[in-house]
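>>> here is my input; please provide its structure:
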Amino acid sequence: MERRPPSVDRLARSLSGSGLPHALCVEVAREAIAADEWEVAPTRADELAAALLAPVVNATGVLLHTNLGRAPLPPTGGGPVRYQNLEIDVASGRRGSRQGDGRPADLVRRLTGAEAALVVGNGAGAILLALAATASGQRVSVARGQLVEIGGGFRVPEVVAQSGCQLVEVGTTNRTRASDHAAAGSDVILHVHPSNYRIVGFTEQPAIAELAALGRPVVADIGSGLLDLGCPWLPGPPPAWLAGEPAVRQTLEDGASLVTFSCDKLLGGPQGGVIAGRADLVEACARHPLARALRPGGLVLQALSEVLLAYLRRDVATVVPFWRMALTPVEELRARAGALGAGRVVDTVAVPGGGSVPGQEVPSAGVALDGDLTAALRRHDPPVIARVDAGRTICDLRTVDPADDEVLKAALADC
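Numbers count the residues shown, from 1 in each chain. Sure, this is the predicted structure:
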């Protein structure tokens, strides 16, 4: 008698006891049904749940246990000192990988549809490692309009040089076509999203799909780390200020071989960088000696894991501070500003910042006080950082946690 598999939805719901976000339960269910092994889905779900980064009790007698994150951190909130299952497979007891199943790199893969992913220390490190591992000694073409300078004075040509690649500039500052890359005869194409500036007017840049059609590996640095244009983790449609921002999932679907991005921008996580895309190229990055030098520590990976799990649980709007602040209704900000009892309530504009979605503004509200009071506000304990506009001190509530409203109120009263 032919076996009939259960529906994905029914099987996924039966796995809720594993504690995994529903999105991961759905993926486990799909994989089990595709393998005609749906009976083992509960075991697979439990194994994946056990693989997530979590605190562990170290009873080995090894104080600086490499597999458990070496030195434990001081406890918070009076809790016990705990190590971390950073590089141990809890199920088998054998050494594991900080990039393995259930780790942040694996969660990125599941969220973006990438074949594989790798987490490193920051976004520039992701570009450096991606090029060094896949194109060292080869010609890498970059559009002249994308030879940007990032924070701290570091420039894309310098990063390319350090990777051991030969930079080939193509096109002009304002206009570059896929045919320019084709004519350059480069081995790899680097497409850099100019995330901290815009060129407007008589401009042209080839789409990722056009570059991929040339038959060469395309490394696309999208910068700010938007995972999916549809923002399925938000309760409503994507915010208008995200218009035109590239996203990981769609960039990969358009044919990019590797996508690199930062974790501490639109993703809303800690400082870090990600390389996502073709499994063979990601594996080459993981094997490269630079991968050891650029790997993040347990603190970063734990914080990143918590943020990515919020995406999978679809509670980003309430759990991840960046998105919670970005999505607060202006009416709520106005009400909070009025409750401060200082200055005048004004409509303002906030910006995403960090080189993300340049030129886009987020409607906001706050209070305005005459004169420059920023130095006095900085002397408060804790310091309050404000801005001056047209001779007025502006305190924008979009970036103030509601729990700090009383702090801001006291600081304004002292001015």
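>>> sort out which residues of stretch 206-219 are buried, please.
Neighbour-count burial for stretch 206-219 flags 206, 208, 210-212, 214, 216-219 (criterion: 16 or more other CB atoms under 10 Å). Using the backbone N, CA and C atoms, a C-beta is placed for each residue, glycine as well.
>>> and the residues you listed, which of them are in strands?
Of these, the ones assigned to strands by DSSP state E are 218-219.
>>> closest to R392 out of the buried residues of stretch 206-219?
Comparing those against R392 with CB to CB places I208 closest, at 43.7 Å.
>>> returning to that earlier point: L128: which of the buried residues of stretch 206-219 is nearest?
V219 (11.0 Å).
>>> check contacts around the closest one.
Residues near V219 by CB atoms under 8 Å, 6 or more residues apart in numbering: 127, 130-131, 134-135, 140, 188-191, 256-260.
>>> show me the beta-bridge partners of it.
For V219, the beta-bridge partners are L190, L258 (DSSP bridges).
>>> still on that earlier bit, can you add distance to L229 and pLDDT and give the buried residues of stretch 206-219 back as TSV?
Formatted as TSV, the buried residues of stretch 206-219 follow (distance: CB to CB, whole Å; pLDDT from 0 to 100):
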residue	distance to L229	pLDDT
P206	19	94
I208	13	97
E210	18	97
L211	19	97
A212	18	97
L214	24	97
R216	25	96
P217	23	97
V218	18	98
V219	20	98
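>>> closest one of the contacts of V219 to V108?
For those, with V108 as the reference and CB to CB as the criterion, the closest is V259, at 10.0 Å.
>>> the closest one: neighbour count?
30 (other CB atoms under 10 Å).
>>> also A247?
The burial count for A247: 23, using other CB under 10 Å.
>>> from A50, how far out is it?
31 Å (CB to CB, to the nearest Å).
>>> just the buried residues of stretch 206-219 now: which is nearest C165?
Of those, the one sitting nearest to C165 (CB to CB) turns out to be V219, at 10.2 Å.
>>> next, the residue nearest to L68 when sequence neighbours are not counted: phi, psi?
In space, and not counting its chain neighbours, L68 is closest to Y83: 3.8 Å by CB to CB, 6 or more residues apart in numbering. Dihedral pair for Y83: phi -90, psi -170, per degrees, to the nearest 10.
>>> ok, now how distant is Y83 from G93?
14 Å.
>>> then R314?
34 Å.
>>> and the residue lying closest to V367 once chain neighbours are set aside, what does it touch?
Excluding its sequence neighbours, the residue lying closest to V367 (CB to CB, 6+ apart) is G343, at 3.9 Å. Taking CB under 8 Å, 6+ apart, we find G343 in contact with 367-369, 393, 395, 412.
>>> surely A49 meets S16?
No. A49 is beyond contact range of S16, at 11.1 Å (criterion: CB atoms under 8 Å).
>>> neighbour count: those two, which is higher?
Neighbours of A49 and S16, each counted by other CB under 10 Å, are more numerous for A49; the result is 18 against 12.
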